[in-house]
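> take a look and give me a structure for this.
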Amino acid sequence: MFTSLQLHLASVFLKIFLRNRQAILFSLFFPLIFIGAFSFSGGERDPFLIGVADQSKSSISSEFIQSLEEEDLFTVLEGNFSDLESKLLAGDLEGLILIPQNFVSLEELGALEFYVDASQTRQVSVIQKAIDSSLISIERKIRNTSPLFNIELKDVKARPQRYIDFLLPGLLAFMIMNLSIAGSGFNVVEYRRRGILKRLFVTPIRPRDFIVSIVLARMLIVLVQLSVVLSIALFALDIRLIGSYFSFYLAVILGTFIFLCIGFALGSLAKTQEGIRPIVGLVTFPQIILSGVFFPISSMPEYIQPIVYSLPLSSLASSLRDIANDGASFFSLSYPTFGVLIWVLIAFFVATKFFVWKEVAK
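Numbering: from 1, shown residues only. Down below sits the predicted model:
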């Protein structure tokens, strides 16, 4: 499968990396720090702290406040309006409900006044929907009516999914992209600057042999890094991998290959280490934002979703997430898996076609 020349070059590049103690420490501790920074993001959001100023003191207002307190979404703080308003202005409250004096009977209910900081616009809609739900519940109790429809929640996965469960596969894909491009693109520029590629150019080594050897060496390094992070996630953060490890690591290997090849192509465009940084940022930064690493792609506008799904990081992150969270197999040939395979061919073609030994690509 691999020639003896490719295996020999891979061992040489691996020895070069192992002699760099700073690179070894960075490669080991960076994944630990990175996953540690997100380890506390898996918990549920704390309830909204809202104040309630009851000027009515009626049975209906008391029932309304009790209904709010039963909502898991809220923590209710009662008091007079002026004190609660001061807390809201100071940022100690996320909302303030004023129950007017005429909130006494169903026939003469006054409008509830809801005060909120204008900067908390995303929270307003959530709180307002919960308040509306509470009002409907109170009205049904008073009128002694039952809802026409009931919703019974059926969890087909029979397991809760935390945000960290969703986040981890995307973070691993993000790390694969960064570590792979840094291990190929930046190294190629450095080898060219030091004249290593110029010397290799006069040997029988072909670009394909050079690329395959670095891919093998860097892939081993990335697999070790990802295994460290995954082990911490499984044992320290209590994350379960639903799918098979074989499918998961196969996706990791193919994803590493994709971004290593992309790094080679980027390294052929840059002349210096300073020159490759903005080029890499131009390729990686939009993918970090758009590829569903931190939030689902389905939450984006529909017209942009086909473009987003076609990105290499999107394909890798979605494939890892399907395997880890849904138990999918890599061989099921889903759209993410198909995207990974397509990008393997594209990335390898671009890397071997446009790889430059001596000069920078024009």
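
> how near is Ile323 to Leu197?
Separation of Ile323 from Leu197 (C-beta to C-beta, to the nearest Å) stands at 37 Å. Using the backbone N, CA and C atoms, a C-beta is placed for each residue, glycine as well.

> these two: who's more crowded?
Taking other C-beta atoms under 10 Å, Ile323 and Leu197 do not tie; Ile323 has more neighbours (29 against 21).

> show me what contacts the closest residue to that one other than its chain neighbours?
Distances taken as C-beta to C-beta, 6 or more residues apart in numbering put Gly243 closest to Ile323, at 3.7 Å, once the chain neighbours are dropped. Contact analysis of Gly243 by C-beta atoms under 8 Å, 6 or more residues apart in numbering lists Asp322, Ile323, Ala324, Asp326, Gly327, Ala328, Ser329.

> distance of Gly243 relative to Thr75?
Distance from Gly243 to Thr75, by C-beta to C-beta: 38 Å.

> tell me which helix or strand comes right after the longest helix belonging to the chain.
If each helix of the chain is counted by residues according to DSSP state H, the longest one is helix 163-193. On the C-terminal side of helix 163-193, the closest following helix or strand by DSSP states H and E is helix 196-201.

> name the residues of stretch 250-257 that are buried.
Leu250, Ala251, Val252, Ile253, Leu254, Gly255, Thr256, Phe257 (16 or more other C-beta atoms under 10 Å).

> ignore the last one, stretch 269-282
Applying 16+ other C-beta under 10 Å to stretch 269-282 flags Leu269, Ala270, Ile276, Ile279, Val280 as buried.

> quick one: contacts for the second one?
Ala270 sits next to Gly185, Val189, Ile276, Ile279, Val360 when contact means C-beta under 8 Å, 6+ apart.

> and those, which is closest to Ala351?
Closest to Ala351 out of the contacts of Ala270 is Gly185 (10.2 Å), distances taken as C-beta to C-beta.

> do I have it right that that closest one meets Phe259?
No - using C-beta atoms under 8 Å as the test, Gly185 is too far from Phe259 to be in contact (9.3 Å).

> of the two, give the one with the bigger neighbour count.
Neighbour totals were compared for Gly185 and Phe259, and Phe259 leads with 30 against 27 (other C-beta under 10 Å).

> element containing that one?
Per DSSP H and E: helix 245-267 holds Phe259.

> could you point out which element follows that helix?
Using DSSP H and E, the first helix or strand after helix 245-267 is helix 273-290.

> so which elements touch the helix or strand just after that next one?
Once the chain leaves helix 273-290, the next helix or strand it forms, by DSSP H and E, is helix 305-309. Contact here means 3 or more C-beta pairs under 8 Å, 6 or more residues apart in numbering; DSSP states H and E; on that basis helix 305-309 packs against helix 312-326.
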